[in-house]
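Novice: following is a predicted model, sequence given first.
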Amino acid sequence: MTTKASRCGSWIAAGLLLLASAAPAWSAGCSFEPQGEGRVAAVIDARTLRLDDGREVRLAGIVPSSPDKTKTAALAAIIAGRDVTLRGEDDAPDRYGRQPAFVFLQGSETPVQSELLRRGEALVSTEVANKDCAAELAAAETEARQAKRGTWADPAAIKNAESPGDILTGIGRFTVVEGKVLSVRQAGATTYLNFGRNWTRDFAVTISRRMVPAFEAVGLSPKSLENRRIRVRGFVEARGGPRIEVLRVGQIEVLGGN
């Protein structure tokens, strides 16, 4: 049964459902068009590899769960020296010349990204627009979080919105924050989800005016988030207090309870 309440407990990006029950039965949602094959010659960092033909590939859809070198080792343990297939919606290189792709080991229907997420070695990023692929990645991350694997074994993996100083230590890094939205205010073309009473010092999420229709399209206006507990992910900026700008609806997950 699909209700507004059940949608509020799930990823709300274009119908993406973050259901734990989806984890055991992935449907290869990230199996886009093939973009080539090759053998992994080197693992450069936690989400970048080099193929034997010299191509550099960036794993799409995820970010490392921490900057330490163990995340690079985790990727290397899965793919070093292996034959892989690349899939994606667009093989245009990024500004560093790397090809973004979902990477599949030969004979596997599950992307390497999902395996890293299941182990708690990565976080779902905000860049995946395809709802089936986003659902697959979200289910893998949920499994790891519920089992407290990898980075999720650390209680500090999710930052508390009531501790702005702790969040500020992650300036420029991709961070997951949870807390209760105390107020929703609009200033010019920006809507602020405030998690504290001091608007210049406490944590806040910003939503530009152009993003509001996307929220309304899934039946959840920013104002309806007031007094709700949410989980938000994105890059931390310092604008007085810590801020995360929402560029996709899927950055926000509404949690149960108040």
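Specialist: Perfect, thanks for sending it. Bear in mind the structure is a predicted one, so any value in this text is a computation, not a measurement. Residues are numbered from 1 along each chain as shown.
Novice: point out where the protein drops to low pLDDT.
Specialist: By pLDDT under 70, the weakly predicted segments of the chain are 1-28, 257-258.
Novice: can I assume Arg50 sits in a strand?
Specialist: Yes. Using DSSP: H, G, I helix; E, B strand; the rest coil, the assignment for Arg50 is a strand.
Novice: count residues in the vicinity of it, would you?
Specialist: 16 (other C-beta atoms under 10 Å). C-beta coordinates here come from the backbone N, C-alpha and C atoms, glycine included.
Novice: with adjacent residues omitted, what lies nearest to it?
Specialist: Leaving aside its chain neighbours, Arg50 sits nearest to Ala42 (4.4 Å; criterion: C-beta to C-beta, 6 or more residues apart in numbering).
Novice: go on, Ile244?
Specialist: Once flanking residues are discounted, Ile244 sits nearest to Gly234: 4.0 Å by C-beta to C-beta, 6+ apart.
Novice: try Leu51
Specialist: Excluding the flanking residues, the one nearest Leu51 by C-beta to C-beta, 6+ apart is Gly38, at 3.5 Å.
Novice: ditto for Gln106
Specialist: Leaving aside its sequence neighbours, Gln106 sits nearest to Asp83 (C-beta to C-beta, 6+ apart; 4.2 Å).
Novice: distance of that neighbour from Arg39?
Specialist: To Arg39, Asp83 is 5 Å away according to C-beta to C-beta, to the nearest Å.
Novice: any chance you could list what contacts the helix or strand Leu86 falls within?
Specialist: For Leu86, the host element (DSSP states H and E) is strand 83-88. Applying C-beta atoms under 8 Å, 6 or more residues apart in numbering, the contact partners of strand 83-88 are 30-40, 51, 57, 60, 99-106, 111-112.
Novice: buried ones in it?
Specialist: Using 16 or more other C-beta atoms under 10 Å as the test for burial, strand 83-88 gives Val84, Thr85, Leu86, Arg87, Gly88.
Novice: any idea which helix or strand comes after that strand?
Specialist: Heading C-terminal from strand 83-88 (DSSP H and E), you reach strand 99-105.
Novice: neighbouring strands of that following strand in the sheet, and parallel or not?
Specialist: If you go by DSSP bridges, strand 99-105 pairs up with strand 56-59 (parallel), strand 83-88 (antiparallel).
Novice: many thanks, have a good one.
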